[in-house]
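Undergrad: structure for this input, please:
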Amino acid sequence: MTTLQKWTLSAGQVIARYSVVLFFVVFGVAKFTPAEATAIHPLLVHSPFLFWLPELFDQQLSSGIIGVVEIVLALMMASRPVTPWISAVGSYGVAASLVVTLSFLVTTPQLDPALGAFIIKDLTLLGVALWSAGEALASTKPRVASL
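TA: Next comes the predicted model:
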């Protein structure tokens with residue numbers, strides 16, 4: 001493998017993983033704003049996965065709970081250099097979150113086309129999250145069973 005290939009692979013991996021981390025941190029923090037809580041409320045009430053949040057909590061707290069989950073998953077995913085296993089779990093969590101978000105495309109009646117176009121980018125983020133989980137798992141050392 002050439003130096004250019006090694007550098008390209010390394011740079012691509014860092015950019016792919018940490019751009020998803022940045023995305024989840026930024027949008028997780030945004031969930032604490034009233035505007036974002038209002039914007040996601042119609043998505044939540046029609047979601048087969050998250051409908052219970054606005055039934056149990058008010059609009060802002062529901063959004064805040066999602067924000068906390070997004071931030072925690074992002075930090076777990078970011079932990080790859082120190083704890084690959086936690087990074088893998090966080091990456092799978094991010095992937096699951098993105099599947100839920102993608103489901104809004106089919107569960108939200110009269111979805112604004114602009115919002116639909118924004119959500120569709122989550123398909124790419126899903127691919128990166130799954131790659132991140134697999135790469136982190138591959139770097140963990142197999143445990144030897146003790147006799």
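Undergrad: all contacts plus neighbour counts: C-alpha atoms, from now on.
TA: Will do.
Undergrad: in contact with the spatially most central residue of the chain, which residues?
TA: Among the residues of the chain, the one closest to the centroid is V94, at 2.9 Å (C-alpha atoms, centre = their mean). By C-alpha atoms under 8 Å, 6 or more residues apart in numbering, the contact set of V94 is E70, L73, A74, L126, A129.
Undergrad: need these in a markdown table with neighbour count, distance to G12 and pLDDT, can you?
TA: Listed next are those as a markdown table, based on neighbours: other C-alpha atoms under 10 Å; distance: C-alpha to C-alpha, whole Å; pLDDT from 0 to 100:
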| residue | neighbour count | distance to G12 | pLDDT |
| --- | --- | --- | --- |
| E70 | 25 | 23 | 98 |
| L73 | 25 | 21 | 98 |
| A74 | 26 | 18 | 98 |
| L126 | 21 | 16 | 98 |
| A129 | 26 | 14 | 98 |
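Undergrad: just the closest of those to F51, please.
TA: Of all the contacts of V94, E70 has the smallest distance to F51: 17.5 Å, by C-alpha to C-alpha.
Undergrad: which elements pack onto the lengthiest helix in the chain?
TA: With secondary structure taken from DSSP state H, the chain has its longest helix at helix 3-30. On a contact count with 3 or more C-alpha pairs under 8 Å, 6 or more residues apart in numbering; DSSP states H and E, helix 3-30 meets helix 59-78, helix 122-139.
Undergrad: list the buried residues in the last one.
TA: It refers to helix 122-139. By 16 or more other C-alpha atoms under 10 Å, the buried positions in helix 122-139 come out as 122, 125-126, 128-137.
Undergrad: make a markdown table out of the residues you listed and add distance to V14.
TA: Formatted as a markdown table, those follow (distance: C-alpha to C-alpha, whole Å):
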| residue | distance to V14 |
| --- | --- |
| D122 | 18 |
| L125 | 14 |
| L126 | 16 |
| V128 | 11 |
| A129 | 12 |
| L130 | 14 |
| W131 | 12 |
| S132 | 10 |
| A133 | 13 |
| G134 | 14 |
| E135 | 12 |
| A136 | 12 |
| L137 | 16 |
